[in-house]
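>>> Provide a 3D model corresponding to the input given below.
(one chain, ligands or ions: 1)
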Amino acid sequence: MTFALNKYSEIKSDVVRVFLGTKLFVALMDARDVEIILGSNVHIQKSDEYALFEPWLGDGLLISKGEKWKSHRKMIAPTFHSSILKSFMPVFNKNAQNLIDSFTKELGKTFDVHDYMSGTTVDTLLETAMGVKKTDEDNTGFEYAMSVMKMCNILHLRHYKIWLRPDFIFKFTKMCAEQSYLLNIIHALTRQVIKRKKENFIKRDEKGEQSLYQKALKSTTYNEKEGTVEETASFNYIRDDLDENDENDIGNDWHSLDFMIEASQTKGNQLSDDEIKEEVDTIMFEGHDTTAAASSFVLSILGVHHDIQDKVFQELKDIFQDDLYRPITFNDTVQMKYLERVILETLRMYPPVPIIARVVNEDVKLGRWKNPTQYRVKSKHMVGPGSSCMLSTMFLYLYCISGSLSNIDKSPRGGMKPIGKAFCVPTNCMPLRRPNDTPRTPTTYQQVHSSGDYTLPSGTSVIIGTFVIHRNPKYYPNPEKFDPDNFLPERCQDRPYYAYIPFSAGPRSCVGRKYAMLKLKVLLASVLRRFRTISDKDEKDFKLQADIILKREDGFHIRVEERVV
Ligand code: HEM
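Below you'll find the model as predicted:
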């Protein structure tokens with residue numbers, strides 16, 4: 001990633017294009033160009049690279065397109081409404097306590113915090129979004145998390161080793177058998193969960209219980225442009241854990257999956273059992289690995305910046321006062337302003353989803369946001385054979401995971417090792433051509449210095465490099481410095497909205513972002529009010545792993561010390 005960033009600093013280009021064979025990829029680095037794509041209701045189709053997820057996620061929300069995506073999104077978005085999320089607070093607190101118990105056993109040792117964050121995240125998701133409780137002996141969360149991690153590694157390898165992409169070749173590899181084995185574990189869990197919840201729904205329906213889904217729809221409006229749900233009335237039937245005796249308390253038995261099942265039975269919604277399964281798999285994948293990476297980055301980065309960690313602790317002391325270890329309420333999380341800035345800054349520097357890709361199905365003019373400037377490339381910025389440019393660097397990190405299936409299990413967290421600079425995209429230098437020219441052979445790339453009047457031809461795969469945009473000095477004056485104050489309101493106000501997109505933005509943005517922020521606050525506040533985290537490595541020595549989800553290749557190793565209060 002650092003390599004990618006250095007290259008970007010050298011090139012200073014807002015648009016970079018690459019031909020892989022006849023396929024055109026264009027990377028956008030200017031927030032205003034990014035807005036043209038992400039902010040649009042038209043360019044919402046994911047690029048072909050997402051197709052490898054299909055055996056796992058089917059045609060779920062992450063990949064689906066057209067009317068199917070639109071209607072499912074509309075159905076699922078209300079299930080992440082903040083008032084519903086409040087009812088998850090007791091589960092977040094319980095899982096935070098489990099995490100603290102695990103950390104207590106690690107006192108004085110160096111350990112990889114990602115292992116714990118990953119297991120906890122799956123358990124929390126199962127219990128909140130899916131409504132499945134686990135017993136103390138139950139290892140489902142961990143087993144599932146490990147399977148997800150290994151599946152990501154396989155997908156990664158197929159992105160990188162393009163000859164493994166066609167199914168007719170892939171099915172003859174050992175990896176295919178491993179994939180089937182892992183998908184069996186993953187899908188068995190989702191099938192079992194759905195079956196149980198459906199039985200519950202039928203019982204509730206027979207008893208004539210009220211329809212929460214209908215109420216949720218009545219109390220919200222769906223903002224199609226932003227893909228978000230807005231509250232039009234209060235959900236007073238959902239209990240905040242601050243309320244002692246709420247007569248509208250319906251208990252904690254309702255979860256996103258219940259809503260989905262109920263929605264599927266509601267007139268006008270077409271949602272088959274298979275479709276529910278696809279959405280459950282999607283939510284479990286999207287909601288797990290991203291949050292585990294984000295929380296692990298926060299804990300290791302605070303282990304480096306002790307002054308910032310002390311400020312977080314001071315804020316927590318001010319909020320909890322004499323009762324430092326009491327369960328965290330939703331109201332407490334609203335007061336965690338500094339911790340929130342720490343999380344936002346971590347997601348800026350280490351966005352769990354470092355790249356987003358879309359395909360445009362019509363010509364798209366960039367640079368509409370300004371007077372078209374001269375379409376130019378400085379010759380010193382041209383890229384010669386065997387050298388690199390920003391987009392190939394992005395591919396480098398997308399594809400630079402080496403290793404065969406045999407080493408999946410050997411690496412510390414079931415991950416593979418990057419081969420770094422050994423990767424090279426075959427290139428040949430070519431003069432800049434107008435967008436509609438036909439590509440030359442075999443693979444070419446070059447950068448356009450500014451987006452100017454550039455037009456993305458229909459069929460282009462558009463790459464949005466969140467990681468690079470988040471470190472652009474145009475938007476963040478000192479981008480390599482971890483500074484939570486980047487998110488003070490006065491600093492945010494002049495920054496383009498699309499210069500900060502850890503959850504993507506626009507109609508296809510992350511449906512679980514509020515859930516993620518709430519859960520991160522509860523888990524992190526619970527850990528940080530009890531322990532001080534210490535990293536023996538400096539931030540500059542963090543080795544970032546080019547993965548579908550951004551991680552540390554060297555592992556998230558920290559030590560924890562109990563705080564003396
Ligand atoms: C820190 C945590 C998270 C981050 C950084 C994150 C980031 C993202 C990003 C960047 C996308 C767009 C991906 C793309 O266009 O390729 C996305 C989509 C999505 N996320 Fe998240 N996410 C997080 C947590 C969650 C959680 C907790 C859930 C659910 C419980 C969730 C569910 C989804 C779903 C269903 C989509 C697909 C939405 C659509 O295409 O309509 N995410 N997320």
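
>>> all helices of the stretch 401-550 of the chain, in order?
Under the criterion DSSP state H, counting those that start in this stretch, the stretch 401-550 of the chain carries helices at the ranges 466-469, 489-492, 513-528.

>>> the stretch 51-200 of the chain too?
Counting by DSSP H, counting those that start in this stretch, the helices of the stretch 51-200 of the chain are 54-57, 66-76, 82-86, 89-105, 113-128, 140-160, 167-170, 174-206.

>>> what about stretch 197-205, distance to the chain center?
32 Å (C-alpha atoms, centre = their mean, to the nearest Å).

>>> for the helices of the stretch 401-550 of the chain, which one sits closest to Lys195?
Shortest separation from Lys195 across the helices of the stretch 401-550 of the chain is recorded for helix 513-528, at 23.9 Å, computed as C-beta to C-beta. Quick note: C-beta positions are derived from backbone N, CA and C, even for glycine.

>>> hmm, that closest one touching the ligand?
Yes - applying C-beta under 6 Å from any ligand atom, one finds that helix 513-528 is in contact with the ligand at Tyr515, Ala516.

>>> residues of that helix that come out buried?
Within helix 513-528, the residues that qualify as buried by neighbour count (16 or more other C-beta atoms under 10 Å) are 514-528.

>>> repeat for stretch 281-300
When burial is assessed from 16+ other C-beta under 10 Å, stretch 281-300 yields the following buried residues: 281-300.

>>> show me what contacts the closest residue to the ligand within the stretch 251-400 of the chain?
Scanning the stretch 251-400 of the chain for proximity to the ligand using C-beta to the nearest ligand atom identifies Gly287 as nearest, at 2.9 Å. Contact partners of Gly287, counting by C-beta atoms under 8 Å, 6 or more residues apart in numbering, are Thr121, Leu125, Ala129, Gly512, Tyr515, Ala516.

>>> was I right about the last one contacting Cys510?
Yep, that's Ala516 we're talking about. Yes - taking contacts as C-beta atoms under 8 Å, Ala516 lies within contact range of Cys510: 7.3 Å.

>>> name the residues contacting each of those two.
Contact with both Ala516 and Cys510 is made by residues Phe503, according to C-beta under 8 Å, 6+ apart.

>>> follow-up on the earlier one: most packed of the helices of the stretch 51-200 of the chain?
helix 113-128 (a mean of 26; mean count of other C-beta atoms under 10 Å).

>>> average pLDDT across that helix?
Confidence for helix 113-128, expressed as mean pLDDT, is 89.

>>> same for that helix, what does it pack against?
Contacts defined by 3 or more C-beta pairs under 8 Å, 6 or more residues apart in numbering; DSSP states H and E place helix 113-128 against helix 89-105, helix 140-160, helix 273-302, helix 513-528.

>>> could you dump those helices into TSV and include mean pLDDT?
What follows is these, written out as TSV (pLDDT from 0 to 100):
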stretch	mean pLDDT
helix 89-105	95
helix 140-160	78
helix 273-302	92
helix 513-528	96
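
>>> in CSV: those, plus distance to Glu206.
What follows is those, written out as CSV (distance: least, C-beta to C-beta, whole Å):
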stretch, distance to Glu206
helix 89-105, 27
helix 140-160, 29
helix 273-302, 19
helix 513-528, 30
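
>>> so where is this structure shaky, pLDDT-wise?
Low-confidence segments of the chain, defined by pLDDT under 70, span residues 1-12, 134-142, 209-256, 266-270, 368-453.

>>> touching, Lys265 and Phe201? I think so.
You called it Lys, but residue 265 is Gln. Yes - in this structure Gln265 lies within contact range of Phe201 using C-beta under 8 Å: 7.3 Å.

>>> what sits closest to the residue of the chain found nearest the ligand if chain neighbours are left out?
Per C-beta to the nearest ligand atom, Gly512 is where the chain lies closest to the ligand, at 2.2 Å. Spatially, and ignoring its direct neighbours in sequence, Gly512 is nearest to Gly287 (5.2 Å; C-beta to C-beta, 6 or more residues apart in numbering).

>>> what does Asp274 give?
With C-beta to C-beta, 6+ apart as the criterion, Asp274 has its nearest non-adjacent residue at 7.0 Å, and that residue is Gly58.

>>> got the contact list for the one you found?
Per C-beta under 8 Å, 6+ apart, neighbours of Gly58: Asp274, Glu275, Lys277, Glu278, Asp281.

>>> please repeat the previous calculation with a cut-off of 10 Å.
Under the criterion of C-beta atoms under 10 Å, 6 or more residues apart in numbering, the contact list for Gly58 reads Ser64, His187, Asp274, Glu275, Lys277, Glu278, Glu279, Asp281, Thr282.

>>> Arg358 against Gln45, yeah?
Yes - with contacts defined as C-beta atoms under 10 Å, Arg358 counts as touching Gln45 at a distance of 6.3 Å.

>>> please identify which of the two sits among more neighbours.
Of the pair Arg358 and Gln45, Arg358 is the one with more neighbours under other C-beta atoms under 10 Å, namely 22 against 17.

>>> residues near the residue lying closest to the more buried one once chain neighbours are set aside, how many?
In this structure, Arg358 finds its nearest non-sequential neighbour in Val462, 4.9 Å apart by C-beta to C-beta, 6+ apart. As a burial measure, the neighbour count of Val462 was computed by other C-beta under 10 Å and equals 24.

>>> for Asp33, same thing?
Applying other C-beta under 10 Å, I find that Asp33 has 25 neighbouring residues.

>>> pretty sure it is touching Leu456, no?
Yes - applying C-beta under 10 Å, one finds Asp33 in contact with Leu456, separated by 9.3 Å.
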